[in-house]
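Novice: Predicted model, plus sequence, below.
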Amino acid sequence: MNNQEALKANLQYILDNRDELLMQYFGKYIVVNNQEIVGAYDSYENAVQDAIQKYGEEAGFLVHHLTKEETVNFVVRAQI
């Protein structure tokens, strides 16, 4: 699976499980990798830094802020 497909699959996982995820992780920045929640953080920066350290810059992980309004942040390439 390439990065674009991985991002789409991870986003679909969030959309399919949104109500449950909101109850458990409301207000957190979650990291989704391979359609699995692999971390929940209080800040976007911490979520991205930890995900890059664990999975690398080229991984297709998704960082998503769980709020009542839908927002999605993609990291295409990041440097620490």
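Specialist: Sure thing, it's come through.
Novice: residue ranges with poor pLDDT in this structure?
Specialist: Scanning the chain for pLDDT under 70 picks out 70-80.
Novice: quick one, strands of it?
Specialist: Assignment of strands within the chain using DSSP state E yields the ranges 29-32, 37-41, 62-65.
Novice: Can I get those in TSV including mean neighbour count?
Specialist: The way it works is simple: take the backbone N, C-alpha and C, and place the C-beta from them, glycine included. Below are these laid out as TSV (neighbours: other C-beta atoms under 10 Å):
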stretch	mean neighbour count
strand 29-32	22
strand 37-41	17
strand 62-65	22
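Novice: So which of those is nearest Ala51?
Specialist: When the strands of the chain are compared by C-beta to C-beta, strand 29-32 sits nearest Ala51, at 4.6 Å.
Novice: Report the distance from the closest one to the chain centre.
Specialist: 3 Å (C-alpha atoms, centre = their mean, to the nearest Å).
Novice: Reformat the strands of the chain as JSON lines; add distance to Lys54.
Specialist: Output for these, formatted as JSON lines (distance: least, C-beta to C-beta, whole Å):
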{"stretch": "strand 29-32", "distance to Lys54": "8"}
{"stretch": "strand 37-41", "distance to Lys54": "7"}
{"stretch": "strand 62-65", "distance to Lys54": "12"}
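Novice: Remind me what the longest helix seen in the chain packs against, helices and strands.
Specialist: Longest among the helix segments of the chain by residue count, using DSSP state H, is helix 3-16. Packing partners of helix 3-16 (3 or more C-beta pairs under 8 Å, 6 or more residues apart in numbering; DSSP states H and E): strand 29-32, strand 62-65.
Novice: All set, thanks.
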